[in-house]
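>>> All I have is the shape, not the residue letters:
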């Protein structure tokens, strides 16, 4: 089992921290082998930021992500720049406040920025909302592992707010995914 | 110009955050191409933690660090586990409170844990002391870039203490490096 995940967005959305938490959730909390990386180069300075997390049951020889199983995009530019590496059957999750998907695209759309700003009351928690949607829509890491890893990485006085953001992301993704599954099975 | 840097230590010393700050100092503040990575695997769970930062003037095709130009070791186990990749003429910096070097080794020894605990008053700032020694003993990134990157990554209420730790590391390394250079040139 090897899973290649990428989170992308623009600088200031906390993409790198989210990648770190995803990596630690899988690597430290769930005992997987994980390589997490980010690069700072011309693209990053142009405003697009990304982090890759490769998760595997066995040692990782090739640490680059080139065939993504999961892509989470929080900005249009990040999606345009880095979205091409998603596998055909890979899972796509986007912040619908920032990213437009082609009609009929199978991607999950969640209004992450709106949730962070209006429901949680702090737009910088959008990265935690995004992490929550991963636990809700993809079976890559458990919600409990993300919680634990997050609490180890963010300052104590922000625990409550970040936890609320993580949960809000989880719930919207879990609900929608369930609804999709239900509507699919009712058609069958 | 390609420089491969590694920081290693044990969990809780803030190695990953230090690597992130080093990467952002070079990549965002100085406009270099940078890949920063960490892996969580059996070795990491055994207590040794490491982060690699590859810095280059041009795009980085091969993101793995295998021939280190700089190794900073904050724990004996980290040094034993990851120290073998240092180039012959690479720069070695160790926390002399935790790492023993063979007699006659050309590594720089600084009592980083002691400085963090006694001078700064908080042992968790040892990672910032370590970053400061990099600016003082190696010409990889500028002190100013590290300051800027650090202030962007740590919570505001810890700015002052982290800055003091960074400066303390810089000063001890810079003083010792100067002394070494002076004593070398007085011998010539």
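Done, it's in. Computed from a predicted model, the values in this text were never measured in an experiment. Numbers count the residues shown, from 1 in each chain, chains lettered A, B, ... in the order given.

>>> how close does residue A:136 get to residue B:83?
Residue A:136 is 42 Å from residue B:83, where distance means CB to CB, to the nearest Å. (Each C-beta comes from the backbone N, C-alpha and C, glycine too.)

>>> should've said residue A:53
Residue A:53 is 26 Å from residue B:83, by CB to CB.

>>> which of the two has more neighbours?
Remark: of residue A:53 and residue B:83, residue A:53 carries more neighbours, 29 against 19, as counted by other CB atoms under 10 Å in any protein chain shown.

>>> partners of the helix or strand hosting residue A:92 in the sheet?
Under the criterion of DSSP states H and E, residue A:92 resides in strand A:86-95. Here strand A:86-95 is paired, per DSSP bridges, with strand A:68-73 (parallel), strand A:108-110 (parallel).

>>> ok, how many other residues are close to residue A:130?
31.

>>> From residue B:28, how far off is it?
Applying CB to CB to residue A:130 and residue B:28 gives a distance of 21 Å.

>>> what's the answer for residue A:121, then?
Taking CB to CB, one finds residue A:121 at 28 Å from residue B:28.

>>> Could you list the contact residues of chain A toward chain B?
Residues of chain A lying near chain B by CB under 8 Å from any CB of the partner chain: A:16, A:20, A:23-24, A:26-28, A:31-42, A:44-45, A:59-60, A:63-64, A:155.

>>> just the buried members of the residues you listed?
A:16, A:20, A:23-24, A:26-28, A:32-41, A:44, A:60, A:63-64 (16 or more other CB atoms under 10 Å in any protein chain shown).

>>> can you pull out the helices in chain A?
For chain A, the helices defined by DSSP state H occupy A:15-24, A:42-45, A:76-82, A:112-114, A:126-137, A:143-153, A:159-187.

>>> Please work out which of these is packed deepest.
Among the helices of chain A, the stretch with the highest mean neighbour count (mean count of other CB atoms under 10 Å in any protein chain shown) is helix A:126-137, at a mean of 28.

>>> orientation of that helix relative to helix A:159-187 in degrees?
30 degrees (axes from the mean of the first three to the mean of the last three CA atoms, to 10 degrees).

>>> where in chain A is pLDDT low?
A:43-46, A:181-188 (pLDDT under 70).

>>> so residue A:9 touches residue A:73, yeah?
Yes: proximity of residue A:9 to residue A:73 meets the contact threshold set by CB atoms under 8 Å, at 6.9 Å.

>>> and stretch A:96-111, how far apart are its ends?
In stretch A:96-111, first residue to last residue: 5 Å (CA to CA, to the nearest Å).

>>> Buried residues in that stretch, which are they?
So, applying 16+ other CB under 10 Å, buried residues of stretch A:96-111: A:96-99, A:101, A:107-111.

>>> Give the closest residue to residue A:81 in space, chain neighbours not counted.
In space, and not counting its chain neighbours, residue A:81 is closest to residue A:48: 4.6 Å by CB to CB, 6 or more residues apart in numbering or on different chains.

>>> now do residue A:148
In space, residue A:148 is closest to residue A:29, 5.1 Å off (CB to CB, 6+ apart).

>>> and the one you found, what does it touch?
Residue A:29 is in contact with A:141-142, A:144-145, A:148-149, counting by CB atoms under 8 Å, 6 or more residues apart in numbering or on different chains.

>>> Nearest to chain B among these?
residue A:149 (10.2 Å; CB to the nearest CB).

>>> Do I have it right that that closest one meets residue A:30?
No: using CB under 8 Å, residue A:149 makes no contact with residue A:30, being 9.5 Å away.

>>> Quick check: the residue nearest to residue A:81 vs chain B, distance?
13 Å (CB to the nearest CB, to the nearest Å).

>>> what about that residue, neighbour count?
Counted with other CB under 10 Å, residue A:48 comes out at 22.

>>> The one 10 residues further on now?
If you count neighbours by other CB under 10 Å, residue A:58 ends up with 10.

>>> Tell me who's in contact with the residue nearest to it when sequence neighbours are not counted.
The shortest distance from residue A:58 to any non-neighbouring residue, by CB to CB, 6+ apart, is to residue A:33 (6.4 Å). Counting by CB under 8 Å, 6+ apart, residue A:33 touches A:27, A:55-60, B:39-42.

>>> ok, 6 Å please
By CB atoms under 6 Å, 6 or more residues apart in numbering or on different chains, the contact set of residue A:33 is A:56, A:59-60, B:41.

>>> among those, which two are most distant?
A:56 and B:41 (9.1 Å; CB to CB).

>>> Provide the partner residues of residue A:5 in its beta bridges.
residue A:53, residue A:70.

>>> That one contacts residue A:71, correct?
No: contact criterion CB atoms under 6 Å: residue A:5 and residue A:71 do not qualify, at 7.7 Å.

>>> wouldn't the residue nearest to residue A:81 be in contact with residue A:78 here?
Yes: between residue A:48 and residue A:78 there is a contact at 4.6 Å, judged by CB under 6 Å.

>>> Pull the number of nearby residues for residue A:117.
Neighbour tally, residue A:117, other CB under 10 Å: 17.

>>> For it, which non-adjacent residue is closest in space?
Here the residue nearest residue A:117, using CB to CB, 6+ apart, is residue A:123, at 4.5 Å.
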